[in-house]
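Chemist: turn this into a structure:
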Amino acid sequence: MNALLVYPEFPDTFWSFKHALRFIRKKASSPPLGLLTVASMLPPDWGKRLVDMNVAKLTREDLAWADCAFVSGMTVQRASAHQVIDRCKEAGIKIVAGGPLFTTEHEQYDAVDHFVLNEAELTLPPFLEDLEKGEPQRAYATSEFADIEKTPRPTWELADLDSYATMEVQYSRGCPYSCEFCNVTALFGHRPRTKTAPQVVAELNALYGLGWRGSVFFVDDNLIGDRRRLKTELLPALIEWRKDKVGMSFSTEVSINLADDEQLLRMMVEAGFGTVFIGIETPEEASLTECSKNQNLNRDLVEDVRRIQRAGLEVQGGFIVGFDHDNASTFQRLIDFIQKTGIVTAMVGLLQAPHGTMLYERLKGAGRLLEKMSGDNVDGTTNIIPVMDPDLLRNGYKRLVQLLYSPEVYYQRVRTFLREYKPPRVRIPMNPRYVMGNVLALLRSVYRLGIAGKERVQYWKLFLWTLFRRPRSFPLAIRFAIYGYHFRKISQSIFPENGALTVTRR
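Modeler: Numbers count the residues shown, from 1 in each chain. Reported below is the predicted structural model:
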């Protein structure tokens, strides 16, 4: 059979980095790791072709070539997924769907022929067996969790690596915490399951062998969920692996208690990690208690962030407004917190209730759920009827987002971070293509931001301040300037200048 693996298009979102990617001439942030892993699980004699609609169009030739289409995606890709399914149906090819979007919403896709839900390591093999016998069922699901030590490495050879800004690998699934609004534990459980260190090193070797020298994102929802195994197995293996490698910086997601473990901080930096995303959510203790974010309670969150920054890790932060215990002062407190900590990449969204979460069930029982959530938690929408006055919530959120990414406030935050941050020494690839790509990105930033941009005054202040006072952080400062351009574009698309704010309830 010829299997077409189709990844639907992302809308223009906070994490798409669409506007920033233009500076480095990349088409998408990262390839679809799930589909590339599924490709490795399909029979070796099948023809396989990846169409990531974020970097290429789904053509008539692709559809004519295929016998079946494997479609995967997340909730935010819902609109594009419907279009993909319609086109595959018109072409007369069988549609097999899986991944987070379909695991939670498969009842709403009548045109799909077969669903392979939950973790494909468990549900794909029985589907393939039944397919070979000519007796495939409509849906394959499981309540069990896979042993990911048996998960094959992704077939990166199917992807055009030059189209992407970063690559992805996965070390673990599951999270030990119980945040009420998070669906990670509903999908993957509370007990972190990990790959072996040799597995991860083999995946990195494969990427390195394909010529990749850029950043690699560990997509784990909490890399430090199994801290003992991380410290005794994976991190020592990564430290050893990097001794004769150039390039390949790492980023990931962790919980705030990383700040409590100085040894772990040192090991992560030595292993090549440069950025960590942390769900901080809110400085309001009552709201943290409300959403069962217990790991963030009774802490000096400002000092925790600074401790991680001083160790050599950039902290990216996730924040939420719209909890039942939030009030009119919450918005300013959140702005003050973000500015004080120097969290440059601060994702602030309205509270949403994903299907399968404890929050969803609680609000459903209280009659406070609206229609489907958009899946984009920074698009100004919510599927929750808030306790706070809706106008107060809308206008407070509008002011917060517009202020955070206004040039003066944003660039001030960049300097605050760079004052605390202790950049580790890294070996930069001297590949002419890599060097020229960075030089061209710098020149484009000079033109678009320093000459043609509204932020040109702030841009040049940061440019000169970093060049003379923090020269080792100069590339990072330019990257932040480019990120800021993207974030402002996103905030302006949600809240047009001088336009009225409309929070769409879906």
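
Chemist: ranges for the strands of the stretch 201-350 of the chain?
Modeler: Applying DSSP state E, counting those that start in this stretch to the stretch 201-350 of the chain gives strands spanning 215-218, 250-254, 273-281, 314-321, 346-350.

Chemist: and the stretch 1-150 of the chain, by the same measure?
Modeler: Here the stretch 1-150 of the chain has its strands, by DSSP E, counting those that start in this stretch, at 2-7, 47-52, 68-72, 94-98, 114-116, 139-140.

Chemist: and of the ones you listed, who's closest to residue 454?
Modeler: Taking C-beta to C-beta, strand 47-52 is the member of the strands of the stretch 1-150 of the chain nearest to residue 454, at 32.9 Å. For the C-beta atoms, the positions are set from N, CA and C on the backbone; glycine is no exception.

Chemist: residues in contact with residue 187?
Modeler: Going by C-beta atoms under 8 Å, 6 or more residues apart in numbering, residue 187 touches 100, 103, 118, 356.

Chemist: I'd say residue 87 and residue 60 touch.
Modeler: No: with contact defined as C-beta atoms under 8 Å, residue 87 and residue 60 do not form a contacting pair (9.1 Å).

Chemist: more crowded one of these two?
Modeler: For residue 87 versus residue 60, the count of surrounding residues by other C-beta atoms under 10 Å is larger for residue 87: 17 against 10.

Chemist: any idea how far residue 10 is from that one?
Modeler: Remark: distance between residue 87 and residue 10 (C-beta to C-beta, to the nearest Å) = 18 Å.

Chemist: any idea of the pLDDT on the residue lying closest to residue 354 once chain neighbours are set aside?
Modeler: Leaving aside its chain neighbours, residue 354 sits nearest to residue 183 (4.3 Å; criterion: C-beta to C-beta, 6 or more residues apart in numbering). Looking at residue 183, its pLDDT is 92.

Chemist: any idea which of the contacts of residue 187 is least confident?
Modeler: Lowest pLDDT among the contacts of residue 187: residue 356, 89.

Chemist: what sits against that residue?
Modeler: Taking C-beta under 8 Å, 6+ apart, we find residue 356 in contact with 104, 183, 186, 187.

Chemist: got JSON lines for those residues, with secondary structure too?
Modeler: Output for the contacts of residue 356, formatted as JSON lines (DSSP: H, G, I helix; E, B strand; the rest coil):
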{"residue": "104", "secondary structure": "helix"}
{"residue": "183", "secondary structure": "coil"}
{"residue": "186", "secondary structure": "helix"}
{"residue": "187", "secondary structure": "helix"}
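
Chemist: residue 154: which of those is nearest?
Modeler: When the contacts of residue 356 are compared against residue 154 (criterion: C-beta to C-beta), the nearest one is residue 187, at 19.0 Å.

Chemist: the stretch 351-500 of the chain: helices as residue ranges?
Modeler: Assigned by DSSP state H, counting those that start in this stretch, the helices in the stretch 351-500 of the chain fall at 358-365, 390-404, 407-420, 432-445, 456-469, 474-494.

Chemist: and those, which is most packed in?
Modeler: Highest mean neighbour count of those: helix 474-494, a mean of 21 (counted as mean count of other C-beta atoms under 10 Å).

Chemist: so who does residue 147 touch?
Modeler: For residue 147, the contacting residues are 121, 193, by C-beta under 8 Å, 6+ apart.

Chemist: apply 10 Å and report the result again.
Modeler: By C-beta atoms under 10 Å, 6 or more residues apart in numbering, the contact set of residue 147 is 119, 121, 122, 193, 195.

Chemist: what about the residues you listed, which are in helices?
Modeler: Using DSSP state H, 121, 122 are the members of those that sit in helices.

Chemist: which of the helices of the stretch 351-500 of the chain sits closest to residue 257?
Modeler: Here helix 407-420 is closest among those (C-beta to C-beta), at 19.2 Å.

Chemist: gap between the closest one and the chain center?
Modeler: Here the centre of helix 407-420 is set off from its chain's centre by 23 Å, with C-alpha atoms, centre = their mean, to the nearest Å.

Chemist: neighbouring contacts of the helix or strand of the chain with the lowest mean pLDDT?
Modeler: None of the helices or strands of the chain scores lower by mean pLDDT, DSSP states H and E than helix 432-445, at a mean of 87. For helix 432-445, contacts defined as C-beta under 10 Å, 6+ apart pick out 20, 22-26, 162, 211, 213-214, 246-247, 428-429, 431, 450-451, 453, 459, 463, 474-475, 478-479, 481-482, 485.

Chemist: can we see that at 8 Å?
Modeler: In this structure, residues lying in contact with helix 432-445 by C-beta under 8 Å, 6+ apart are 22-25, 213, 247, 428-429, 459, 475, 478, 481-482.

Chemist: tell me the one of the residues you listed nearest residue 302?
Modeler: When these are compared against residue 302 (criterion: C-beta to C-beta), the nearest one is residue 481, at 24.6 Å.

Chemist: show me what contacts residue 111?
Modeler: Counted by C-beta under 8 Å, 6+ apart, residue 111 has contacts 85, 86, 89, 95.

Chemist: next step: these restricted to helices.
Modeler: Checking the contacts of residue 111 against DSSP H, those in helices are 85, 86, 89.

Chemist: among those, which ones are buried?
Modeler: Buried by 16 or more other C-beta atoms under 10 Å: 85, 89, out of those.

Chemist: now, which of the ones in helices among the contacts of residue 111 sits nearest residue 143?
Modeler: Looking across the ones in helices among the contacts of residue 111 and measuring by C-beta to C-beta, the closest to residue 143 is residue 85, at 26.0 Å.

Chemist: list the residues that contact the closest one.
Modeler: Each residue near residue 85 by C-beta under 8 Å, 6+ apart is listed here: 71, 95, 97, 109, 111, 112.

Chemist: from the residues you listed, which two are the most distant?
Modeler: Greatest spacing in these, by C-beta to C-beta: 71 and 111 (10.6 Å).

Chemist: and the buried ones among the contacts of residue 85, selectable in PyMOL?
Modeler: The following PyMOL line selects those of the contacts of residue 85 that are buried, judged by 16+ other C-beta under 10 Å:
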select buried, resi 71+95+97+109+112
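
Chemist: columns pLDDT on top of the contacts of residue 85, output as a markdown table?
Modeler: As requested, the contacts of residue 85 are exported to a markdown table (pLDDT from 0 to 100):
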| residue | pLDDT |
| --- | --- |
| 71 | 98 |
| 95 | 98 |
| 97 | 98 |
| 109 | 96 |
| 111 | 97 |
| 112 | 98 |
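
Chemist: the nearest residue to residue 205 once chain neighbours are set aside: neighbour count?
Modeler: The shortest distance from residue 205 to any non-neighbouring residue, by C-beta to C-beta, 6+ apart, is to residue 241 (8.0 Å). Using other C-beta under 10 Å, the number of residues around residue 241 comes to 18.

Chemist: domain map for this structure?
Modeler: As assigned by automatic domain parsing, the chain contains the domains 2-140, 165-419.

Chemist: out of those, the one nearest residue 148 is which?
Modeler: Nearest to residue 148, of all those, is domain 165-419, at 5.4 Å by C-beta to C-beta.

Chemist: could you work out the end-to-end span of that closest one for me?
Modeler: With C-alpha to C-alpha, to the nearest Å as the measure, domain 165-419 spans 27 Å from end to end.

Chemist: can you give the distance of it from its chain's centre?
Modeler: On C-alpha atoms, centre = their mean, the centre of domain 165-419 falls 9 Å from that of its chain.
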